[in-house]
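>>> Starting from these lines, generate the structure:
(2 chains)
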Amino acid sequence: MCVLCGEMIMSVHWTDQPLHDVEYRNKKVVVAGESQRDRRRLRLKRVNIANKILGFYGLKMNDWNGSRYTLFDKKGMSKVVNDLGGMWKAASDLCHKNMDRLGPAFLS
Amino acid sequence: MIAGDSRFPITIVTGFLGSGKTTLLANVLQHEEYKNTAVIINEYGQVGLDHRLIRRIEEKTRLLSGGCICCNMRDDLINELKEILNEKERGENDMDRVVIETTGLADPAPILFSILMDPLLTNRFYVDSVVCCLDAANGELHLQNNPETLKQIVTADRIIVTKTDLVDHERLHQMHHRLHHLNPAATVYGTAHGIIDPTVVFDKGQNSQNNRLEQLTEIQEKYRDKKVEHDTEVRSMSIKFYEALDWTAFGLWMSMLLYTHGEKMLRIKGMVDVGEKGPIVINGVQHIIHPPHHLEDWNGEEKNSQIVFIMKGLEPHQILESLVAFQNILGSAPYIEEINMNPYGG
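Residues are numbered from 1 along each chain as shown, chains lettered A, B, ... in the order given. Below is the predicted model of the structure:
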(Lines give C-alpha, C1' and ligand atoms only; values in the text may rest on other atoms or scores of the structure.)
Protein backbone atom coordinates (compact mmCIF):
# COMPACT_ATOMS: atom_id res chain seq x y z
CA MET A 1 0.00 0.00 0.00
CA CYS A 2 1.20 3.48 -0.79
CA VAL A 3 1.82 5.28 2.49
CA LEU A 4 1.09 8.65 0.98
CA CYS A 5 -2.38 8.10 -0.34
CA GLY A 6 -3.52 4.67 0.74
CA GLU A 7 -3.75 3.32 -2.78
CA MET A 8 -3.29 -0.41 -3.04
CA ILE A 9 -0.38 -1.38 -5.24
CA MET A 10 -1.11 -4.77 -6.66
CA SER A 11 2.01 -5.47 -8.61
CA VAL A 12 5.59 -4.35 -8.47
CA HIS A 13 7.10 -3.01 -11.65
CA TRP A 14 10.04 -5.07 -12.80
CA THR A 15 12.49 -2.20 -12.41
CA ASP A 16 11.51 -1.99 -8.74
CA GLN A 17 11.89 -5.70 -8.11
CA PRO A 18 14.60 -6.50 -5.63
CA LEU A 19 17.49 -8.06 -7.50
CA HIS A 20 18.52 -10.31 -4.69
CA ASP A 21 15.06 -11.73 -4.34
CA VAL A 22 16.21 -15.30 -3.77
CA GLU A 23 18.56 -14.23 -1.05
CA TYR A 24 15.75 -12.32 0.57
CA ARG A 25 13.32 -15.21 0.43
CA ASN A 26 15.97 -17.38 2.02
CA LYS A 27 16.34 -15.17 5.02
CA LYS A 28 15.16 -16.39 8.38
CA VAL A 29 15.24 -13.01 10.06
CA VAL A 30 14.24 -9.88 8.24
CA VAL A 31 15.05 -6.57 9.85
CA ALA A 32 12.52 -3.90 8.99
CA GLY A 33 13.96 -1.32 6.64
CA GLU A 34 17.33 -3.02 6.35
CA SER A 35 17.81 -2.28 2.68
CA GLN A 36 15.98 1.02 2.61
CA ARG A 37 19.12 3.00 2.17
CA ASP A 38 20.09 1.12 -0.97
CA ARG A 39 16.59 1.40 -2.30
CA ARG A 40 16.48 5.15 -1.79
CA ARG A 41 19.88 5.56 -3.35
CA LEU A 42 18.76 3.57 -6.37
CA ARG A 43 15.66 5.70 -6.74
CA LEU A 44 17.61 8.94 -6.60
CA LYS A 45 20.00 7.61 -9.18
CA ARG A 46 17.11 6.60 -11.38
CA VAL A 47 15.58 10.06 -11.10
CA ASN A 48 18.90 11.57 -12.03
CA ILE A 49 19.25 9.56 -15.20
CA ALA A 50 15.60 9.92 -16.11
CA ASN A 51 15.94 13.69 -15.92
CA LYS A 52 18.65 13.59 -18.56
CA ILE A 53 16.16 11.99 -20.90
CA LEU A 54 13.14 13.96 -19.77
CA GLY A 55 15.04 17.24 -20.03
CA PHE A 56 14.85 16.87 -23.78
CA TYR A 57 11.08 17.18 -23.51
CA GLY A 58 11.18 19.96 -20.95
CA LEU A 59 10.07 17.72 -18.10
CA LYS A 60 11.49 17.04 -14.69
CA MET A 61 11.00 14.13 -12.36
CA ASN A 62 11.34 14.02 -8.58
CA ASP A 63 11.32 11.24 -6.07
CA TRP A 64 8.46 11.63 -3.62
CA ASN A 65 9.38 10.24 -0.23
CA GLY A 66 10.70 7.06 -1.71
CA SER A 67 7.31 5.77 -2.68
CA ARG A 68 6.18 7.74 -5.70
CA TYR A 69 7.59 9.93 -8.40
CA THR A 70 6.30 13.34 -9.35
CA LEU A 71 6.61 14.64 -12.86
CA PHE A 72 6.61 18.36 -13.69
CA ASP A 73 6.64 20.37 -16.85
CA LYS A 74 7.92 23.91 -17.07
CA LYS A 75 4.48 25.46 -16.84
CA GLY A 76 3.90 23.92 -13.43
CA MET A 77 1.70 21.04 -14.47
CA SER A 78 2.44 17.95 -12.47
CA LYS A 79 1.56 14.30 -12.27
CA VAL A 80 2.11 11.56 -9.72
CA VAL A 81 3.35 8.25 -11.03
CA ASN A 82 3.90 4.89 -9.39
CA ASP A 83 6.70 3.43 -11.40
CA LEU A 84 8.53 3.59 -14.70
CA GLY A 85 5.75 1.70 -16.42
CA GLY A 86 3.35 4.55 -15.80
CA MET A 87 5.99 7.23 -16.02
CA TRP A 88 6.48 7.20 -19.78
CA LYS A 89 2.76 7.33 -20.37
CA ALA A 90 2.37 10.28 -18.00
CA ALA A 91 5.38 12.00 -19.52
CA SER A 92 4.03 11.82 -23.06
CA ASP A 93 0.68 13.11 -21.82
CA LEU A 94 2.37 16.05 -20.16
CA CYS A 95 4.46 17.09 -23.13
CA HIS A 96 1.71 16.24 -25.65
CA LYS A 97 4.15 14.30 -27.72
CA ASN A 98 4.58 10.69 -28.44
CA MET A 99 7.84 9.90 -26.74
CA ASP A 100 9.26 7.63 -29.33
CA ARG A 101 12.66 6.71 -28.09
CA LEU A 102 13.55 5.50 -31.54
CA GLY A 103 12.35 8.71 -33.15
CA PRO A 104 14.97 10.54 -35.18
CA ALA A 105 14.32 13.83 -33.38
CA PHE A 106 15.24 12.34 -30.06
CA LEU A 107 18.25 10.44 -31.30
CA SER A 108 19.83 13.47 -32.93
CA MET B 1 13.62 -25.16 -8.46
CA ILE B 2 15.48 -22.21 -7.07
CA ALA B 3 17.07 -23.17 -3.79
CA GLY B 4 15.43 -21.70 -0.75
CA ASP B 5 12.52 -20.35 -2.70
CA SER B 6 9.20 -21.51 -1.33
CA ARG B 7 7.34 -20.74 -4.51
CA PHE B 8 6.20 -23.48 -6.84
CA PRO B 9 7.49 -23.69 -10.39
CA ILE B 10 5.11 -23.49 -13.32
CA THR B 11 6.00 -24.94 -16.68
CA ILE B 12 3.97 -23.82 -19.66
CA VAL B 13 3.76 -26.22 -22.57
CA THR B 14 2.62 -24.75 -25.87
CA GLY B 15 2.65 -25.88 -29.46
CA PHE B 16 0.34 -25.90 -32.42
CA LEU B 17 -2.58 -28.32 -32.73
CA GLY B 18 -1.24 -31.82 -33.06
CA SER B 19 2.32 -30.92 -32.28
CA GLY B 20 2.59 -33.61 -29.63
CA LYS B 21 2.19 -31.68 -26.40
CA THR B 22 0.06 -34.31 -24.73
CA THR B 23 2.24 -37.20 -25.85
CA LEU B 24 5.24 -35.42 -24.47
CA LEU B 25 3.58 -34.74 -21.15
CA ALA B 26 2.18 -38.24 -20.85
CA ASN B 27 5.69 -39.59 -21.17
CA VAL B 28 7.39 -37.14 -18.92
CA LEU B 29 4.84 -37.35 -16.13
CA GLN B 30 5.28 -41.10 -15.81
CA HIS B 31 8.49 -40.54 -13.95
CA GLU B 32 8.21 -41.05 -10.23
CA GLU B 33 9.65 -37.68 -9.22
CA TYR B 34 6.98 -35.81 -11.13
CA LYS B 35 4.03 -37.63 -9.66
CA ASN B 36 3.03 -34.58 -7.66
CA THR B 37 2.80 -32.35 -10.68
CA ALA B 38 -0.55 -30.69 -11.09
CA VAL B 39 -1.57 -30.49 -14.73
CA ILE B 40 -3.91 -27.85 -16.09
CA ILE B 41 -5.24 -28.63 -19.52
CA ASN B 42 -6.86 -26.12 -21.75
CA GLU B 43 -7.83 -28.39 -24.59
CA TYR B 44 -11.22 -29.66 -25.63
CA GLY B 45 -11.78 -33.19 -26.73
CA GLN B 46 -10.14 -36.32 -25.56
CA VAL B 47 -7.54 -36.16 -22.87
CA GLY B 48 -4.74 -38.54 -23.57
CA LEU B 49 -3.24 -38.08 -20.15
CA ASP B 50 -3.57 -40.48 -17.29
CA HIS B 51 -2.48 -38.52 -14.30
CA ARG B 52 -3.55 -38.06 -10.75
CA LEU B 53 -3.68 -34.32 -10.51
CA ILE B 54 -5.32 -33.36 -13.71
CA ARG B 55 -7.68 -30.52 -14.36
CA ARG B 56 -9.49 -29.18 -17.31
CA ILE B 57 -10.48 -25.61 -17.75
CA GLU B 58 -12.32 -23.64 -20.35
CA GLU B 59 -10.62 -20.62 -21.66
CA LYS B 60 -12.06 -17.48 -20.14
CA THR B 61 -10.39 -14.20 -20.75
CA ARG B 62 -10.90 -10.94 -18.98
CA LEU B 63 -10.06 -8.06 -21.23
CA LEU B 64 -8.39 -5.21 -19.44
CA SER B 65 -9.48 -1.86 -20.72
CA GLY B 66 -6.92 -0.20 -22.92
CA GLY B 67 -4.60 -3.14 -22.81
CA CYS B 68 -3.11 -4.87 -25.78
CA ILE B 69 -3.66 -8.52 -26.48
CA CYS B 70 -0.87 -9.71 -24.22
CA CYS B 71 -2.23 -7.84 -21.21
CA ASN B 72 -5.40 -9.88 -20.96
CA MET B 73 -6.02 -11.66 -17.71
CA ARG B 74 -6.76 -15.32 -17.94
CA ASP B 75 -9.39 -15.61 -15.23
CA ASP B 76 -9.82 -19.31 -15.74
CA LEU B 77 -6.17 -19.97 -15.04
CA ILE B 78 -5.95 -17.66 -12.07
CA ASN B 79 -8.95 -19.32 -10.44
CA GLU B 80 -7.65 -22.78 -11.13
CA LEU B 81 -4.20 -22.03 -9.76
CA LYS B 82 -5.72 -20.55 -6.63
CA GLU B 83 -7.93 -23.60 -6.24
CA ILE B 84 -4.91 -25.91 -6.49
CA LEU B 85 -3.16 -23.78 -3.92
CA ASN B 86 -6.17 -23.97 -1.57
CA GLU B 87 -6.27 -27.73 -1.83
CA LYS B 88 -2.58 -27.87 -1.11
CA GLU B 89 -3.04 -25.76 2.00
CA ARG B 90 -5.89 -27.98 3.14
CA GLY B 91 -3.64 -30.98 2.66
CA GLU B 92 -5.76 -32.50 -0.09
CA ASN B 93 -2.94 -32.77 -2.59
CA ASP B 94 0.86 -32.83 -2.58
CA MET B 95 1.40 -30.53 -5.50
CA ASP B 96 5.00 -29.45 -5.90
CA ARG B 97 4.90 -28.11 -9.43
CA VAL B 98 2.37 -27.15 -12.04
CA VAL B 99 2.26 -27.80 -15.76
CA ILE B 100 -0.08 -25.80 -17.95
CA GLU B 101 -0.86 -27.29 -21.32
CA THR B 102 -2.28 -24.58 -23.53
CA THR B 103 -4.49 -25.01 -26.55
CA GLY B 104 -2.75 -25.18 -29.87
CA LEU B 105 -3.92 -21.71 -30.74
CA ALA B 106 -3.16 -20.01 -27.46
CA ASP B 107 -0.85 -17.09 -27.13
CA PRO B 108 1.41 -17.75 -24.13
CA ALA B 109 1.81 -14.06 -23.31
CA PRO B 110 -1.51 -13.60 -21.43
CA ILE B 111 -0.70 -16.66 -19.34
CA LEU B 112 2.61 -15.19 -18.29
CA PHE B 113 0.95 -11.86 -17.66
CA SER B 114 -1.73 -13.41 -15.45
CA ILE B 115 0.73 -15.26 -13.27
CA LEU B 116 3.15 -12.38 -12.91
CA MET B 117 0.53 -9.72 -12.28
CA ASP B 118 -1.72 -11.47 -9.81
CA PRO B 119 -0.65 -10.38 -6.33
CA LEU B 120 -1.31 -13.78 -4.78
CA LEU B 121 0.00 -15.99 -7.54
CA THR B 122 3.20 -14.06 -8.06
CA ASN B 123 4.19 -14.79 -4.49
CA ARG B 124 3.30 -18.48 -4.58
CA PHE B 125 4.35 -19.45 -8.10
CA TYR B 126 7.07 -18.56 -10.53
CA VAL B 127 7.23 -19.36 -14.21
CA ASP B 128 10.00 -21.87 -14.57
CA SER B 129 9.99 -21.99 -18.32
CA VAL B 130 7.93 -21.99 -21.48
CA VAL B 131 8.34 -25.13 -23.55
CA CYS B 132 7.14 -25.18 -27.12
CA CYS B 133 6.52 -28.31 -29.18
CA LEU B 134 6.94 -28.20 -32.92
CA ASP B 135 5.98 -30.96 -35.27
CA ALA B 136 8.99 -31.95 -37.37
CA ALA B 137 6.86 -32.97 -40.32
CA ASN B 138 4.42 -30.08 -40.45
CA GLY B 139 6.23 -27.49 -38.38
CA GLU B 140 7.55 -25.56 -41.36
CA LEU B 141 4.03 -25.17 -42.69
CA HIS B 142 2.68 -24.11 -39.32
CA LEU B 143 5.38 -21.51 -38.98
CA GLN B 144 4.64 -20.00 -42.33
CA ASN B 145 0.88 -19.99 -42.09
CA ASN B 146 0.03 -19.55 -38.44
CA PRO B 147 1.09 -16.47 -36.55
CA GLU B 148 0.22 -18.35 -33.34
CA THR B 149 3.01 -20.85 -33.90
CA LEU B 150 5.46 -18.08 -34.51
CA LYS B 151 4.47 -16.41 -31.28
CA GLN B 152 4.75 -19.65 -29.34
CA ILE B 153 8.22 -20.35 -30.71
CA VAL B 154 9.42 -16.87 -29.97
CA THR B 155 8.10 -16.97 -26.42
CA ALA B 156 9.66 -20.33 -25.64
CA ASP B 157 12.71 -20.96 -23.51
CA ARG B 158 12.99 -24.44 -24.93
CA ILE B 159 11.76 -25.78 -28.22
CA ILE B 160 11.15 -29.47 -28.59
CA VAL B 161 10.94 -30.76 -32.12
CA THR B 162 8.61 -33.75 -31.98
CA LYS B 163 8.00 -36.67 -34.34
CA THR B 164 11.61 -36.66 -35.46
CA ASP B 165 11.18 -40.24 -36.63
CA LEU B 166 8.95 -39.02 -39.46
CA VAL B 167 11.48 -36.91 -41.31
CA ASP B 168 15.00 -37.47 -42.57
CA HIS B 169 18.08 -36.20 -40.88
CA GLU B 170 18.81 -33.46 -43.37
CA ARG B 171 15.45 -31.80 -42.93
CA LEU B 172 15.69 -32.01 -39.19
CA HIS B 173 19.04 -30.36 -39.23
CA GLN B 174 17.72 -27.55 -41.34
CA MET B 175 14.81 -27.04 -39.01
CA HIS B 176 17.08 -26.79 -35.98
CA HIS B 177 19.03 -24.10 -37.74
CA ARG B 178 16.02 -22.08 -38.66
CA LEU B 179 14.65 -22.29 -35.15
CA HIS B 180 17.91 -20.98 -33.81
CA HIS B 181 17.64 -18.03 -36.08
CA LEU B 182 14.08 -17.36 -35.16
CA ASN B 183 14.69 -17.53 -31.45
CA PRO B 184 18.39 -17.47 -30.59
CA ALA B 185 17.49 -17.38 -26.91
CA ALA B 186 15.92 -20.83 -26.87
CA THR B 187 17.50 -24.25 -26.82
CA VAL B 188 16.24 -26.78 -29.33
CA TYR B 189 15.76 -30.46 -28.58
CA GLY B 190 14.40 -33.33 -30.59
CA THR B 191 12.19 -36.26 -29.66
CA ALA B 192 10.39 -39.16 -31.26
CA HIS B 193 7.15 -40.56 -29.76
CA GLY B 194 7.41 -38.01 -26.96
CA ILE B 195 10.25 -39.86 -25.29
CA ILE B 196 12.61 -37.37 -23.76
CA ASP B 197 14.59 -36.83 -20.61
CA PRO B 198 12.15 -35.15 -18.22
CA THR B 199 14.77 -32.69 -17.06
CA VAL B 200 14.58 -31.17 -20.52
CA VAL B 201 10.98 -30.20 -19.85
CA PHE B 202 11.41 -29.36 -16.19
CA ASP B 203 14.13 -28.04 -13.94
CA LYS B 204 16.27 -26.23 -16.45
CA GLY B 205 14.27 -23.08 -16.54
CA GLN B 206 15.08 -19.50 -17.29
CA ASN B 207 16.98 -19.39 -14.05
CA SER B 208 19.65 -21.78 -15.11
CA GLN B 209 22.47 -20.90 -17.38
CA ASN B 210 23.78 -24.36 -18.11
CA ASN B 211 22.83 -24.15 -21.71
CA ARG B 212 24.23 -20.76 -22.41
CA LEU B 213 27.59 -21.82 -23.75
CA GLU B 214 26.13 -24.47 -25.96
CA GLN B 215 23.64 -21.92 -27.20
CA LEU B 216 26.26 -19.33 -27.92
CA THR B 217 28.29 -21.56 -30.17
CA GLU B 218 25.10 -22.48 -31.94
CA ILE B 219 24.20 -18.84 -32.44
CA GLN B 220 27.55 -18.11 -33.91
CA GLU B 221 27.27 -20.75 -36.58
CA LYS B 222 26.90 -19.37 -40.04
CA TYR B 223 23.76 -19.88 -42.00
CA ARG B 224 22.96 -18.74 -45.53
CA ASP B 225 19.48 -17.34 -45.84
CA LYS B 226 17.19 -18.68 -48.50
CA LYS B 227 15.78 -16.31 -51.05
CA VAL B 228 13.07 -14.31 -49.34
CA GLU B 229 9.63 -14.93 -50.71
CA HIS B 230 7.40 -13.23 -48.22
CA ASP B 231 8.43 -11.08 -45.35
CA THR B 232 7.17 -12.07 -41.92
CA GLU B 233 8.66 -8.86 -40.55
CA VAL B 234 10.22 -10.88 -37.80
CA ARG B 235 13.76 -9.87 -36.95
CA SER B 236 16.05 -11.26 -34.35
CA MET B 237 19.21 -9.68 -33.12
CA SER B 238 21.85 -10.50 -30.59
CA ILE B 239 23.79 -7.68 -29.01
CA LYS B 240 26.87 -7.79 -26.84
CA PHE B 241 28.28 -5.23 -24.44
CA TYR B 242 31.90 -5.48 -23.44
CA GLU B 243 31.69 -3.20 -20.45
CA ALA B 244 29.42 -3.26 -17.45
CA LEU B 245 26.02 -1.65 -17.88
CA ASP B 246 24.31 0.59 -15.41
CA TRP B 247 21.28 -1.35 -14.25
CA THR B 248 19.22 1.70 -13.34
CA ALA B 249 19.86 3.26 -16.73
CA PHE B 250 19.15 -0.01 -18.45
CA GLY B 251 15.81 -0.24 -16.63
CA LEU B 252 14.92 3.23 -17.84
CA TRP B 253 15.93 2.48 -21.39
CA MET B 254 14.02 -0.79 -21.47
CA SER B 255 10.87 0.60 -19.90
CA MET B 256 10.89 3.45 -22.39
CA LEU B 257 11.36 1.04 -25.26
CA LEU B 258 8.57 -1.16 -24.01
CA TYR B 259 6.26 1.78 -23.51
CA THR B 260 6.52 2.83 -27.14
CA HIS B 261 7.20 -0.48 -28.83
CA GLY B 262 6.12 -3.15 -26.37
CA GLU B 263 3.78 -4.86 -28.78
CA LYS B 264 6.47 -5.16 -31.43
CA MET B 265 9.09 -6.62 -29.12
CA LEU B 266 8.18 -10.25 -29.20
CA ARG B 267 10.95 -11.34 -26.93
CA ILE B 268 13.87 -10.03 -24.96
CA LYS B 269 16.22 -12.37 -23.24
CA GLY B 270 19.72 -12.05 -21.97
CA MET B 271 22.24 -11.59 -19.26
CA VAL B 272 23.34 -8.17 -18.17
CA ASP B 273 26.67 -7.48 -16.54
CA VAL B 274 26.12 -4.75 -13.98
CA GLY B 275 29.62 -4.75 -12.60
CA GLU B 276 28.77 -7.07 -9.74
CA LYS B 277 29.87 -10.63 -9.13
CA GLY B 278 27.13 -12.23 -11.18
CA PRO B 279 24.95 -11.15 -14.06
CA ILE B 280 21.29 -10.20 -14.00
CA VAL B 281 19.07 -12.40 -16.09
CA ILE B 282 16.31 -10.61 -17.94
CA ASN B 283 13.50 -12.35 -19.72
CA GLY B 284 10.59 -10.57 -21.29
CA VAL B 285 7.69 -11.29 -23.57
CA GLN B 286 6.14 -8.15 -25.02
CA HIS B 287 5.22 -5.87 -22.10
CA ILE B 288 5.70 -8.60 -19.58
CA ILE B 289 9.06 -8.80 -17.92
CA HIS B 290 9.86 -11.64 -15.56
CA PRO B 291 11.25 -10.39 -12.27
CA PRO B 292 14.96 -9.86 -13.00
CA HIS B 293 17.05 -12.47 -11.35
CA HIS B 294 20.52 -12.01 -9.99
CA LEU B 295 22.91 -14.90 -10.46
CA GLU B 296 25.66 -15.75 -8.02
CA ASP B 297 28.45 -15.78 -10.55
CA TRP B 298 29.17 -16.15 -14.25
CA ASN B 299 29.81 -19.86 -14.04
CA GLY B 300 33.09 -19.51 -15.85
CA GLU B 301 31.70 -17.66 -18.81
CA GLU B 302 32.98 -14.43 -20.26
CA LYS B 303 31.77 -11.42 -18.37
CA ASN B 304 29.93 -9.80 -21.24
CA SER B 305 26.35 -8.69 -21.35
CA GLN B 306 24.44 -10.33 -24.10
CA ILE B 307 20.86 -9.59 -25.03
CA VAL B 308 18.72 -11.19 -27.68
CA PHE B 309 15.88 -9.17 -29.16
CA ILE B 310 13.15 -10.67 -31.31
CA MET B 311 10.83 -8.15 -32.85
CA LYS B 312 8.12 -7.82 -35.40
CA GLY B 313 7.63 -4.72 -37.50
CA LEU B 314 10.64 -3.02 -36.01
CA GLU B 315 14.03 -2.77 -37.67
CA PRO B 316 17.14 -3.84 -35.76
CA HIS B 317 19.01 -0.68 -36.72
CA GLN B 318 16.43 1.40 -34.85
CA ILE B 319 17.17 -0.39 -31.62
CA LEU B 320 20.85 -0.16 -32.31
CA GLU B 321 20.78 3.58 -32.98
CA SER B 322 18.90 4.09 -29.79
CA LEU B 323 21.42 2.03 -27.85
CA VAL B 324 24.23 4.02 -29.39
CA ALA B 325 22.52 7.28 -28.45
CA PHE B 326 22.21 6.00 -24.91
CA GLN B 327 25.69 4.55 -24.58
CA ASN B 328 26.93 7.39 -22.42
CA ILE B 329 24.16 6.82 -19.94
CA LEU B 330 24.24 3.05 -20.14
CA GLY B 331 27.98 2.83 -19.72
CA SER B 332 28.88 0.68 -22.69
CA ALA B 333 28.59 0.68 -26.45
CA PRO B 334 26.60 -2.08 -28.17
CA TYR B 335 28.24 -4.55 -30.51
CA ILE B 336 26.19 -6.57 -32.91
CA GLU B 337 26.76 -10.23 -32.70
CA GLU B 338 24.20 -11.31 -35.18
CA ILE B 339 21.17 -9.99 -37.01
CA ASN B 340 18.64 -12.15 -38.79
CA MET B 341 16.49 -10.12 -41.08
CA ASN B 342 13.95 -12.70 -41.98
CA PRO B 343 14.48 -15.91 -40.10
CA TYR B 344 11.33 -17.57 -41.26
CA GLY B 345 10.36 -15.83 -44.43
CA GLY B 346 9.71 -18.77 -46.58
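
>>> Could I get the average pLDDT for the lengthiest helix in chain A?
Criterion DSSP state H: the longest helix present in chain A is helix A:36-54. Averaging pLDDT along helix A:36-54 yields 85.

>>> any idea how far residue B:143 is from the spatially closest residue to residue B:139 that is not a sequence neighbour?
Among residues not flanking residue B:139 along the chain, residue B:175 sits closest, at 6.4 Å (Cβ to Cβ, 6 or more residues apart in numbering or on different chains). Yep, even glycine has a C-beta here, placed from its N, CA and C like the rest. Computed as Cβ to Cβ, to the nearest Å, the residue B:175 to residue B:143 distance reads 9 Å.

>>> got it, and residue B:240?
Taking Cβ to Cβ as the measure, residue B:240 falls 27 Å from residue B:143.

>>> Can you pick out the residue with more neighbours from those two?
Here residue B:240 and residue B:143 are compared on neighbour count by other Cβ atoms under 10 Å in any protein chain shown; more neighbours surround residue B:143, at 23 against 16.

>>> counting contacts, what elements does whichever strand or helix holds the more buried one pack onto?
Secondary-structure element containing residue B:143, defined by DSSP states H and E: helix B:139-145. Helices and strands touching helix B:139-145, by 3 or more Cβ pairs under 8 Å, 6 or more residues apart in numbering or on different chains; DSSP states H and E, are strand B:125-135, helix B:147-155, helix B:169-182.

>>> what comes up buried for the longest one?
Neighbour-count burial for helix B:169-182 flags B:175, B:176, B:177, B:178, B:179, B:180, B:181, B:182 (criterion: 16 or more other Cβ atoms under 10 Å in any protein chain shown).

>>> How far does that helix sit from its chain's centre?
18 Å (Cα atoms, centre = their mean, to the nearest Å).

>>> In stretch B:189-201, which residues are buried?
Quick answer for stretch B:189-201 (16+ other Cβ under 10 Å): B:189, B:190, B:191, B:194, B:196, B:198, B:200, B:201.

>>> So which of those are in helices?
B:198, B:200, B:201.

>>> How about the last one, nearest residue that isn't a chain neighbour?
Using Cβ to Cβ, 6+ apart and skipping residues adjacent in sequence, the residue nearest residue B:201 is residue B:28, 5.1 Å away.

>>> Same check on the first one?
Using Cβ to Cβ, 6+ apart and skipping residues adjacent in sequence, the residue nearest residue B:198 is residue B:28, 4.5 Å away.

>>> which residues sit in contact with the one you found?
B:34, B:194, B:196, B:198, B:201, B:202 (Cβ atoms under 8 Å, 6 or more residues apart in numbering or on different chains).

>>> List just the nearest of the residues you listed to residue A:27.
residue B:202 (26.7 Å; Cβ to Cβ).

>>> Next one: the closest one relative to chain A, how far apart?
From residue B:202 across to chain A, the span is 19 Å (Cβ to the nearest Cβ, to the nearest Å).

>>> okay, now that residue: neighbour count?
The burial count for residue B:202: 22, using other Cβ under 10 Å.

>>> Dig out what the residue lying closest to it once chain neighbours are set aside forms beta bridges with.
Excluding its sequence neighbours, the residue lying closest to residue B:202 (Cβ to Cβ, 6+ apart) is residue B:11, at 5.9 Å. Note on residue B:11: beta-bridge partners residue B:99, residue B:129, judged by DSSP bridges.

>>> repeat for residue B:283
Assigned bridge partners for residue B:283, using DSSP bridges, are residue B:269.

>>> What ranges does chain A have for its helices?
Under DSSP H, chain A gives helices at A:21-26, A:36-54, A:84-94, A:104-107.

>>> picking that back up, will you turn the buried residues of helix B:169-182 into CSV that also has pLDDT and distance to residue B:118?
Shown next, in CSV, are these (pLDDT from 0 to 100; distance: Cβ to Cβ, whole Å):
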residue, pLDDT, distance to residue B:118
B:175, 82, 36
B:176, 82, 36
B:177, 80, 38
B:178, 80, 36
B:179, 82, 31
B:180, 78, 34
B:181, 77, 35
B:182, 79, 30
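
>>> for chain A, what are the nearby residues on the stretch 51-200 of chain B?
The stretch 51-200 of chain B comes close to chain A at residues B:116, B:117, B:119, B:122, as judged by Cβ under 8 Å from any Cβ of the partner chain.

>>> Would you point to the one among the helices of chain A that's packed deepest?
helix A:84-94 (a mean of 19; mean count of other Cβ atoms under 10 Å in any protein chain shown).

>>> Contacts for that one, please.
A:13, A:15-16, A:46, A:50, A:54, A:57, A:59, A:61, A:69, A:71, A:73, A:77, A:79, A:81, A:98-99, B:251-252, B:255-256, B:259-260.

>>> Tell me which entries of the residues you listed lie within strands.
If you go by DSSP state E, these have A:59, A:61, A:69, A:71, A:73, A:79, A:81 in strands.

>>> now, among these, which is nearest to chain B?
residue A:61 (10.4 Å; Cβ to the nearest Cβ).

>>> returning to that earlier point: I'd like the buried residues of stretch B:189-201 as CSV, with pLDDT appended.
Output for these, formatted as CSV (pLDDT from 0 to 100):
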residue, pLDDT
B:189, 81
B:190, 79
B:191, 79
B:194, 71
B:196, 74
B:198, 73
B:200, 71
B:201, 72
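
>>> Which pair of these spans the longest distance?
B:190 and B:198 (15.4 Å).

>>> Could you report the neighbour count for residue A:82?
A total of 18 residues lie near residue A:82 under the criterion other Cβ under 10 Å.
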